[in-house]
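Colleague: Based on what follows, work out the 3D shape:
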Amino acid sequence: MKNEDEPKDKRLKPGDAQKLTMAEVAKYVGVSAMTVSRAFRQDASVSEETRKRIMEAVDALGYVLDLSAGSLSSRRSGFIAALVPSINNSNFSDTARGITDALQNTGLQLLLGYTDYSAEKEEELIEAMLRRRPEGIILTGGSHTARARRMLAKAGIPVVETWELPEDPINQVVGFSNSEAMALLVRTLAGQGYRKFGYIGGTTARDTRGSQRRSGFQKTVEELGLGPGRMISFGVPPITMEQGGQAIVSLLERWPDTEVVLCVSDLSAFGAIMECTRRGMKVPRDIAIAGFGDYEISSICHPRITTINVDCYGIGRQAAARLLHALQSGEATGDEITLTGYKVVLRESTDRNGAPTA
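Modeller: Next comes the predicted model:
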């Protein structure tokens, strides 16, 4: 989609394939490269008007100042960057571990950044990372600010988006459809006889994967003639165990005849189960509960939690493999999509018949 804010100058346009240099930015503005350099250093010899024009061009073109230019004669930084939304989430820790393992014996190290589910913070981290010229960058999700996309497009390095399937990929994708994964869970439980479905998710759309799971839940429940689903939004993502417990109370107060509740993650599902236990409710006899993500806690708690396994570790390994292939082949472009698998893991939290569980 065309961005109407992009400059109309034909000498250099945002989205050009080559990596931008300071000299090209200077040509675009109509000043010398030294003037651009001084503008970045806040040199008093550059007028405020000229500095403003330079910075507007920098923003429009997606140029990032190369802090490593004076120190790396080989033009190799020796690291790749990866951004994750949370550092206390074992799923993303597993993804980071997969990246690290794939980088063994390659001479590359991993530099990890934490976005806290904020597109604005992600943009800041992307700029900070790109100033050190990583060999490549791995992102969580496909929702980014316009400026972040411009910077990544002009960086001239492989970019891999993970954990979902963006509508407009920047470069390469390693992920799965969160909507379809949640839909599979709904259909599986409906096949076991459940009819009155509830859902617990976050209060904002900043967790795009959570929003996609909610959408998959709502669409599938309605397609099966079981809707509309009984949905509760509780807490700013990522939803905690405590918030999962509070949310299940709100949901059951509003719809006391609910049979099964699907949660945006295993953490909120665990909190919901613990709250039901405190209130003397039996899971799954009185209410069945399922999660998403197959966290370690879901397989060791009581009852063990029915969930969706998405191979978090494998996502990391495959993302690193795609990046390494791009580096070895010298091809930083191309919209190749690598689909990762997911599966329903049935356990006691939804098993009212006492059938064998995983």
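
Colleague: so how far is the helix or strand of the chain with the lowest mean pLDDT from its chain's centroid?
Modeller: Every helix and strand in the chain was compared by mean pLDDT, DSSP states H and E; the lowest is helix 33-40, with a mean of 84. Here the centre of helix 33-40 is set off from its chain's centre by 35 Å, with C-alpha atoms, centre = their mean, to the nearest Å.

Colleague: Adjust the sequence numbering to begin at 19 for everything that follows.
Modeller: Sounds good: first residue 19 from here, last item helix 51-58.

Colleague: just checking, what packs against that helix?
Modeller: Judged by 3 or more C-beta pairs under 8 Å, 6 or more residues apart in numbering; DSSP states H and E, helix 51-58 is in contact with helix 40-47, helix 66-79. (Each C-beta comes from the backbone N, C-alpha and C, glycine too.)

Colleague: can you give me the strands for the chain?
Modeller: Under the criterion DSSP state E, strands of the chain are mapped to 97-102, 127-132, 155-158, 177-180, 190-193, 215-219, 248-251, 278-281, 306-308, 325-327, 355-357, 361-363.

Colleague: any chance of these in JSON lines, plus mean pLDDT?
Modeller: JSON lines is the format used below for the strands of the chain (pLDDT from 0 to 100):
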{"stretch": "strand 97-102", "mean pLDDT": "97"}
{"stretch": "strand 127-132", "mean pLDDT": "96"}
{"stretch": "strand 155-158", "mean pLDDT": "98"}
{"stretch": "strand 177-180", "mean pLDDT": "97"}
{"stretch": "strand 190-193", "mean pLDDT": "97"}
{"stretch": "strand 215-219", "mean pLDDT": "97"}
{"stretch": "strand 248-251", "mean pLDDT": "95"}
{"stretch": "strand 278-281", "mean pLDDT": "98"}
{"stretch": "strand 306-308", "mean pLDDT": "98"}
{"stretch": "strand 325-327", "mean pLDDT": "98"}
{"stretch": "strand 355-357", "mean pLDDT": "95"}
{"stretch": "strand 361-363", "mean pLDDT": "98"}
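
Colleague: Please identify the deepest-packed of these.
Modeller: Stretch with highest mean neighbour count among these: strand 278-281 (a mean of 29; mean count of other C-beta atoms under 10 Å).

Colleague: So which elements touch the longest helix anywhere in the chain?
Modeller: The longest helix of the chain (DSSP state H) is helix 330-347. Packed against helix 330-347, as judged by 3+ C-beta pairs under 8 Å, 6+ apart, are the following elements: helix 108-120, strand 155-158, strand 177-180, strand 190-193.

Colleague: which non-adjacent residue is nearest Leu148?
Modeller: Beyond its immediate neighbours in the sequence, the residue positioned closest to Leu148 (C-beta to C-beta, 6 or more residues apart in numbering) is Val82, lying 4.2 Å away.

Colleague: Distance of that neighbour relative to Pro152?
Modeller: From Val82 over to Pro152 the distance is 11 Å, taken as C-beta to C-beta, to the nearest Å.

Colleague: Then Tyr81?
Modeller: 16 Å.

Colleague: Also Leu345?
Modeller: Plainly put, Leu345 is 11 Å away from Pro152 if you go by C-beta to C-beta.

Colleague: circling back: quick one, which of the helices and strands packed on helix 51-58 is packed in tightest?
Modeller: When those are compared using mean count of other C-beta under 10 Å, helix 40-47 is most buried, at a mean of 18.

Colleague: Just the CA atoms of that one, as PDB, please.
Modeller: Only the C-alpha atoms of helix 40-47 are listed here, as PDB (Å, rounded to 0.1, in the frame of the first residue of the first chain):
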ATOM      1  CA  MET A  40      24.800   9.000   4.600                       C
ATOM      2  CA  ALA A  41      25.900  10.300   1.300                       C
ATOM      3  CA  GLU A  42      22.600   9.300  -0.300                       C
ATOM      4  CA  VAL A  43      20.600  11.000   2.500                       C
ATOM      5  CA  ALA A  44      22.700  14.100   1.900                       C
ATOM      6  CA  LYS A  45      22.000  14.000  -1.800                       C
ATOM      7  CA  TYR A  46      18.300  13.600  -1.100                       C
ATOM      8  CA  VAL A  47      18.200  16.700   1.100                       C
END
